[in-house]
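In: My questions are about this predicted structure, shown below with the sequence.
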Amino acid sequence: MKLDFFRFFSVVIIIAVFSCTQSQASNSGQLAAEQTDVLSRLLNMDEEIHQQPLQSYQQLVSVKNTFSTMPKLQKSWWLLRKAQAENLLYFYEDFNKTVAQAIALIDEKTPLQIQSQLYIYQGLIYRRHAQYADSVLILRKAMSMAKINNLTYLFIIAKQELAFTKSITELYELSLNEMQEAYLDAYSLKAHFLIAVINETYGAIYGYMDDYEKSIEYYQKALKTYERLNYPAHISEAIYGIAITYRYWQKYDLAIRYFELYQEKIAYTPNTEISFFSAYGLGVTLAEKGDCVKAIDVINRALTLNGLIDYNAELYKQQVHCFIILGKLEQAQASLTKAENIFMSLPELVGTKWQLEVIKLGSELAHARNNDSEAFQLSRQYYKKYNKLLVKNSSIRLTTARASMENERKYIEQALTLQRKKVAVLESNSYHQQKLQNLYLLIFMLCAGVIVVIVMTIQYKNNKKMYALSIKDPLSNLYNRRYIFEYLTNYLKDVLIEKTELSVILFDIDDFKAVNDKFGHPVGDTVIKKIADLCHDVFRNEDVIGRVGGEEFLCILPRTDETQCKVIAERFLKKISQQIFLEEPRVQITVSIGIATLSQLSPTSEMLYLHADAALYQAKHNGKNNVVIY
């Protein structure tokens, strides 16, 4: 009896333990499934954050109290998405803290996608604090990491941010080179958002280069894409860029209209400090327009907000301008000192046009105080440095109309003439010496301008000649082998085979070696040149012809099907056979022709050439002087 009871009791214990184990396993499985769902949600939040940054941010913050229990990978993704939303909402202080926290979690197991994105964000933080050299270094690190690991999307974003950072310090040529590469990469991916981001950056760079029409064109392209994608943060940024460009262009009413539109569009974020940018834009625009009473009020309001330090420098410069107009010279001096101090704390902006304008304002303030000698010296210093800056940046302005430079030169001439008169009144005993010095300065500046124009013109012509030499065969003056194959490859990129008609003709001079052996190489060269002339007579203007070997030629015929191509080829064959290439000694030749047409059988440039070559070989085998279609 006791034994039965003991057995019964043991079975009960075993069943209880088994049930408890099963319950724990079930709970563990449920927890793992929940964590997997959360991670999957974080991985797929990108589009949602772009379209609804505030709602996404609120959802992310709602689970903040569970952060300590999250697996490390989930923590990294949660911090990355939180930083992404904070950046779009202009929560810059929170954004900086989140990025720092996420970077601190990085180890060898952290996905490279997360690492690259965080380094891009760190680059933005450095740039917003005017630490441009640090920004360039960290963005290059992000680019390198993304490229090595085939993270093309992040590679393009990093390259675009790097180009924009360089443009702020007026490295325009490097910026445009970076942007061109980024655009080609984005276009190959057919990534509309990336293309829009790049167009927006182009708009900013061309605005800095004073090419305002092109700047507006790129901003408008970006804005249309953002509106189609319904990305409120990017819509606001593009509108702000348009407003800034109209301000530079001195179309102040349009600038004010877009700044006011920007103020409406940023209502998607609860961050009131972002109104700094609209206040900044309106204040500067009103000041440049000459409405200084309103401008001072708006600028003072902007300076009370948490704005970027280099933007504050621009506000202080506009204060100086307006205080001079309003006759408040002491306040003008105080604002000028604040602007100078900011630029001295940002060594990477020293020597740029932004910092040089402080010298110009100092000259205007000295003139307002009737200190014309100091005003002249400062004005002379400004225009000397500004002219050097123009010469430095001239290489990237080769194809851009520089009407603004002409206006600037006229302004320089007028300013110097006025200064000479004032100096003559103040220092009459040295009038002739000062006049002569100013005249030399003016002549030097005009000569420098002429030299720059001449150098740019010569460089442009030389570049055209060098380019022509690099793509042409010197004997036939047809395109060379490298160019003709590159052209064919590029033509076939992203085309639909079933909707595109294209044929190629590959022809070879029959028994050309015998011509060289019998009549000499000069006669052979004459034959090559004459063949090139006959190509121009028979083929159409839109056809592209190149010499790909000693006596072998390749012709690309767009919008031409197999039947049309054969008619053209036979006409050319007949033209060659009837042509007398040299009267004494009498030289006649024939050619063999192979044809290939774009199709599912010949879908690439390589296959087209191989099939045309096979057809040419068959034409030779058939007895030469005939046309064969592959």
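Out: Alright, I've got the coordinates.
In: How far does the strand or helix carrying residue 594 sit from its chain's centre?
Out: Using DSSP states H and E, the element containing residue 594 is strand 591-597. Taking C-alpha atoms, centre = their mean, to the nearest Å, the mean C-alpha location of strand 591-597 is offset from the chain mean by 43 Å.
In: what does the average pLDDT come to for it?
Out: In this model, strand 591-597 has a mean pLDDT of 95.
In: That one packs against which elements?
Out: In terms of contacts (3 or more C-beta pairs under 8 Å, 6 or more residues apart in numbering; DSSP states H and E), strand 591-597 is packed against strand 502-509, helix 562-578, helix 605-621, strand 627-629. For glycine as for every other residue, the C-beta is placed from the backbone atoms N, C-alpha and C.
In: export these to TSV and tack on mean neighbour count?
Out: Putting the helices and strands packed on strand 591-597 into TSV (neighbours: other C-beta atoms under 10 Å) gives the following:
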stretch	mean neighbour count
strand 502-509	25
helix 562-578	16
helix 605-621	19
strand 627-629	21
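In: which stretch among these comes nearest residue 444?
Out: helix 605-621 (54.7 Å; C-beta to C-beta).
In: That closest one packs against which elements?
Out: Under the contact criterion of 3+ C-beta pairs under 8 Å, 6+ apart, helix 605-621 touches helix 481-491, strand 502-509, strand 591-597, strand 627-629.
In: Now do the same for the last one: mean pLDDT, whole number.
Out: Across strand 627-629, the average pLDDT comes to 95.
In: Give me the contact list for that strand.
Out: 562, 565-566, 569-570, 573, 592-597, 615-616, 618-619, 622 (C-beta atoms under 8 Å, 6 or more residues apart in numbering).
In: Low-confidence stretches in this structure?
Out: Within the chain, the stretches with pLDDT under 70 are 1-35, 169-182, 273, 390-431, 462, 464-465, 467-469.
In: Any chance of CSV for the helices and strands packed on strand 591-597, columns distance to residue 238?
Out: Below are these laid out as CSV (distance: least, C-beta to C-beta, whole Å):
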stretch, distance to residue 238
strand 502-509, 38
helix 562-578, 46
helix 605-621, 38
strand 627-629, 52
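In: Which SSE is immediately downstream of the one helix or strand residue 319 maps to?
Out: Assigned by DSSP H and E, residue 319 belongs to helix 309-325. Moving toward the C-terminus from helix 309-325, the next helix or strand (DSSP H and E) is helix 329-344.
In: Return the distance of that next one from the chain's centre.
Out: 34 Å.
In: Buried ones in it, by neighbour count?
Out: Neighbour-count burial for helix 329-344 flags 331-333, 335-336, 338-340, 342-343 (criterion: 16 or more other C-beta atoms under 10 Å).
In: same thing with stretch 487-495?
Out: Under 16+ other C-beta under 10 Å, the buried positions of stretch 487-495 are 487-488, 492.
In: Out of the residues you listed, which comes closest to residue 71?
Out: residue 492 (47.8 Å).
In: what's the spacing between residue 144 and residue 119?
Out: Residue 144 sits 10 Å away from residue 119, taking C-beta to C-beta, to the nearest Å as the criterion.
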